[in-house]
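S.K.: Sequence below, structure please.
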Amino acid sequence: MSNFANTTLFSVALVALCASASSIAFGNTAPAKGASKASQTSSKGTALVVDASKSKVLWVGRKKLGSSHNGEIGFKSGSVTMGPKTLTGGELVIDMTSLTVTDIPATDENNAKLDGHLEAADFFDVAKHPTSTLVVTSAKDLGEGKHEVKGKITIKGATQNVTFPVEVKQANGETVAMGKLTLDRTKFGVKYASGNFFKLAADKVIEDNFDLEFTVVAK
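M.R.: Model (predicted):
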């Protein structure tokens, strides 16, 4: 999808994890791949199983001159670990193969072109890296459900330290964790149309930073 240079980069609501995406992990808990379908209790608290059907990542990417694109990525699996009142850890796995573009109508051929380009080697090389991971190394309770989370996010085989806010709410027997982080795509080897690596006309430059905003529902 070479057209994408004339549009905007992925934002990933991996992109990333993100979380990763790719896979996003909260805390040092057991790998989501082997996670049970029921909650499990450890010294960190209770590991709640992520409901992938209710959880999502929103991404936003921008060009230097201000235009943008956005979309969604689904979760593959994961867990969120809760103490008596606060977040203590967890693990999330984001399915990069589920990446979609939502700002262009699905019937528009440019939707498929952008989607394909983001999944290609110029960007996230989804065939080789179908997931991304964020492992949270600490979660500081700030009160009223708010936390400062620190961890390591892995996208396209590269790992970077991250710090970002997470708010946790509980209702109707479910725990909902919401957070947002901004990542520099070039730190993960995604340098396509970066003004810091290539001499390009201003309207061809894609910003290095993109945003991921996630909502995780677990119980």
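S.K.: quick one: residue 41 and residue 47 touch, right?
M.R.: Yes: using CB atoms under 8 Å, residue 41 is in contact with residue 47, at 7.4 Å. Every residue, glycine included, has its C-beta placed from N, CA and C.
S.K.: Skip the chain neighbours and tell me the closest residue to residue 51.
M.R.: Closest residue to residue 51 apart from its sequence neighbours, by CB to CB, 6 or more residues apart in numbering: residue 217 at 4.8 Å.
S.K.: try residue 95
M.R.: Going by CB to CB, 6+ apart, residue 95 has residue 76 as its nearest residue, at 4.0 Å.
S.K.: What of residue 80?
M.R.: Nearest to residue 80 is residue 90, by CB to CB, 6+ apart, at 3.9 Å.
S.K.: where does the protein dip in pLDDT?
M.R.: For the chain, the stretches flagged by pLDDT under 70 are 1-39.
S.K.: Quick one: the helices in it, in order.
M.R.: Remark: helices assigned in the chain by DSSP state H are 109-119.
S.K.: Would you state the strands of it in chain order?
M.R.: Using DSSP state E, the strands of the chain run over 40-42, 45-49, 56-63, 68-82, 87-101, 131-143, 146-155, 158-171, 174-184, 206-218.
S.K.: so what does the shortest one touch, helix or strand wise?
M.R.: Looking back up the chat, that one is strand 40-42. Applying 3 or more CB pairs under 8 Å, 6 or more residues apart in numbering; DSSP states H and E, one finds that strand 40-42 contacts strand 45-49.
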